[in-house]
Each structure stands twice: as C-alpha cells, then as structure tokens.
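**Q** 3D model of this:
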Amino acid sequence: MIIRTKIIWAILSLVSLIVIISAFYIGFRKILSFPFRQTNDHLHEQGFLLTLDFLIPAGLYIDETMTVKEVLYYRFNKPSKSFHRFLLKVSESIPVEYRVTATTVFYLFWTLLFLVFFRIFTWMRYTTALIISFLFGAAVYFFMPDFVVGKIDDSTFLGWAFTLIGLRWWMKRKKVKSAL
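**A** Numbers count the residues shown, from 1 in each chain. From the prediction side, this is the model:
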C-alpha cells in the first residue's frame, strides 16, 4: 500500500511539474507575441511601476507591428555582435599559438573547477569525476566567449569529452563481458 502511494505521488508530482512548465511556456509565448507599442502604452496608461521602456534599444524605431519578442531580439542581439567584432579584432592581433594555448588553459580551468566541486561535494571516484568534469567544462566553454573565433575549438573539446565517455562505457562493457 505504501509503495502504491509513493508511486501515485511521484506520478502526480511529475504531471504537476509538466503542467506548470507548460503553463509558463505558453504564457511566455503569449506575452512575447503581444504588440510592443500597444502593450507599453497600456502599461503607461494604467500607471504601472514597471513598463517596457527599458527594453527599447537605442536608435530603433518601433512601429505598430513589432512584437515584444522582436524588440527583445534587437535589444539583446546587437551588443553581442559589437562584442563579437571587438573580440575578433583583439583575437586577430594575438598569434595563433597563444590563442590556442589560452583557449586550452581556459577549458582546463573550467574542467578543474568542476573536478574540485565533484570531488569535494560528491562521492564520485576520480575517473568518473574527471570524465564528467571534462564534459561540463566543455559545455561551459561552449557558451563562453574565447580567443579562437569559430566553433572548431568548442567542437574539439566537446568531442574530447564524448570520446572519453564512450571509452569509459566501452571499457566497462568489456570488463562485464570478460567477467562472464
């Protein structure tokens, strides 16, 4: 009887989580599809403390048809392009060997941080913690700006992590087969 109750509560919790996440997703999609100017004007008329004025990027004319999603895209996409251009100019002035060394050190730095975290706060063995740290370090490095422009270094580090995971899986499988 207790196991059934636990299973029912687990299923109800999972369904509730899915319903809540779906409601937030649908709600945010609906909010992002609102016309920006009408929504902002309505918030001003109602006297709300928080309006959408802070989302308006400098130098952008917002017509009647632009949605909140389009304004957010212009707001948050332009600075990254200028930062990317700046990083590209700085990156071109540094020799290739130094850029590759810096990106490798940066990746190994994130890997070391995750390794220390896993070894201190979990009971993982060193090999498991190291392999997962390589994967998490590659995932963090993938989203961070770096000195090597392009995705070749990101793909290399992710490929290295997945290769280690595959090698570990293959060795465990081989060990189980030889034990039989």
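**Q** For my notes, confirm N40 occurs in a helix.
**A** Yes - under DSSP: H, G, I helix; E, B strand; the rest coil, N40 sits within a helix.
**Q** Could you measure from it over to L115?
**A** 48 Å (C-beta to C-beta, to the nearest Å). Where C-beta positions appear, they are placed from N, C-alpha and C, glycine not excepted.
**Q** can you list the domains in this structure?
**A** 1-32, 35-93, 95-180 (automatic domain parsing).
**Q** For the ones you listed, give me a markdown table that also has mean pLDDT and mean neighbour count.
**A** Below are the domains of the chain laid out as a markdown table (pLDDT from 0 to 100; neighbours: other C-beta atoms under 10 Å):
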| stretch | mean pLDDT | mean neighbour count |
| --- | --- | --- |
| domain 1-32 | 90 | 10 |
| domain 35-93 | 79 | 12 |
| domain 95-180 | 88 | 14 |
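**Q** And the residue most central in space within the chain, how close does it get to L158?
**A** The centroid of the chain falls nearest to F143 when counting by C-alpha atoms, centre = their mean (6.5 Å). Counting by C-beta to C-beta, the gap between F143 and L158 amounts to 11 Å.
**Q** The host helix or strand of E70 - contacts with which helices or strands?
**A** Take DSSP states H and E as the rule and E70 turns out to sit in helix 68-93. Judged by 3 or more C-beta pairs under 8 Å, 6 or more residues apart in numbering; DSSP states H and E, helix 68-93 is in contact with helix 2-32, helix 36-46.
**Q** Report the distance from the shortest one to the chain centre.
**A** Distance of helix 36-46 from its chain centroid, counting by C-alpha atoms, centre = their mean, to the nearest Å, is 32 Å.
**Q** Wait, a strand at G150?
**A** No - the assignment for G150, made by three-state DSSP, is coil rather than a strand.
**Q** distance of it from R99?
**A** For G150 relative to R99 (C-beta to C-beta), the value is 11 Å.
**Q** swap in E92?
**A** Distance from E92 to R99, by C-beta to C-beta: 9 Å.
**Q** One more: P35?
**A** Distance from P35 to R99, by C-beta to C-beta: 45 Å.
**Q** Please dump the helices and strands packed on helix 68-93 into a markdown table; it should also carry distance to R119 for every row.
**A** Putting the helices and strands packed on helix 68-93 into a markdown table (distance: least, C-beta to C-beta, whole Å) gives the following:
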| stretch | distance to R119 |
| --- | --- |
| helix 2-32 | 31 |
| helix 36-46 | 49 |
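**Q** Compare those and give me the one nearest T122.
**A** Minimum separation from T122 across the helices and strands packed on helix 68-93 (C-beta to C-beta) falls at helix 2-32, 23.8 Å.
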